[in-house]
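Colleague: coords please:
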Amino acid sequence: MSFFRIFDTAGSAMSAQSVRLNTTASNLANADSVASTPEAAYRAREPVFATIQQGLGNARESAGVRISGISESQAPIGSRFEPGNPLANADGYVFTPNVNPVDELVNMISASRAYQNDVEVMNSAKQLMLKTLDLGK
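Modeller: Residues are numbered from 1 along each chain as shown. Model prediction:
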């Protein structure tokens, strides 16, 4: 593995964690929204990561990560009795998202730490390259 591919790998991981963090922020922003039907209610979203493979035949090696899509949670949509809400249906219910704020905060912390780790990988690789250049002095 080339030393320079470390930057590509860490960069792809940083990009993936950035998407994960943005998705988490979107989920948290919509956690308190309501809708008039279960179909219109916001569903929690989560990115799906996939490995980028390079090489030929059996000599394939991991070369990073990419987002293969964004999946929606299949957890049930909640409902609340709020007859005074303008979005309430004929029975007086509004429908709430299936976002769990605790899970989203855990995702946010995890994505942030993974991003920080990728930055440290890049900094360490940079320092090693600079030390290697200093060997010739």
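
Colleague: use CA for all of it now, contacts and neighbours both
Modeller: OK.

Colleague: Contacts only, for residue 28.
Modeller: Contact analysis of residue 28 by CA atoms under 8 Å, 6 or more residues apart in numbering lists 99, 101, 104.

Colleague: The second one contacts residue 29, doesn't it?
Modeller: When you say that, I think you mean residue 101. No - the pair residue 101 / residue 29 is not scored as a contact, 9.8 Å apart, by CA atoms under 8 Å.

Colleague: Counting neighbours, go ahead and name the busier of these two.
Modeller: residue 101 (15 against 12; other CA atoms under 10 Å).

Colleague: Which pLDDT value belongs to that one?
Modeller: According to the prediction, residue 101 has pLDDT 95.

Colleague: Report all helices and strands that the strand or helix carrying residue 94 contacts.
Modeller: Taking DSSP states H and E as the definition, residue 94 sits inside strand 93-96. Under the contact criterion of 3 or more CA pairs under 8 Å, 6 or more residues apart in numbering; DSSP states H and E, strand 93-96 touches strand 78-81.

Colleague: Pairing partners for the strand it packs on, with directions?
Modeller: strand 93-96 (antiparallel) (DSSP bridges).
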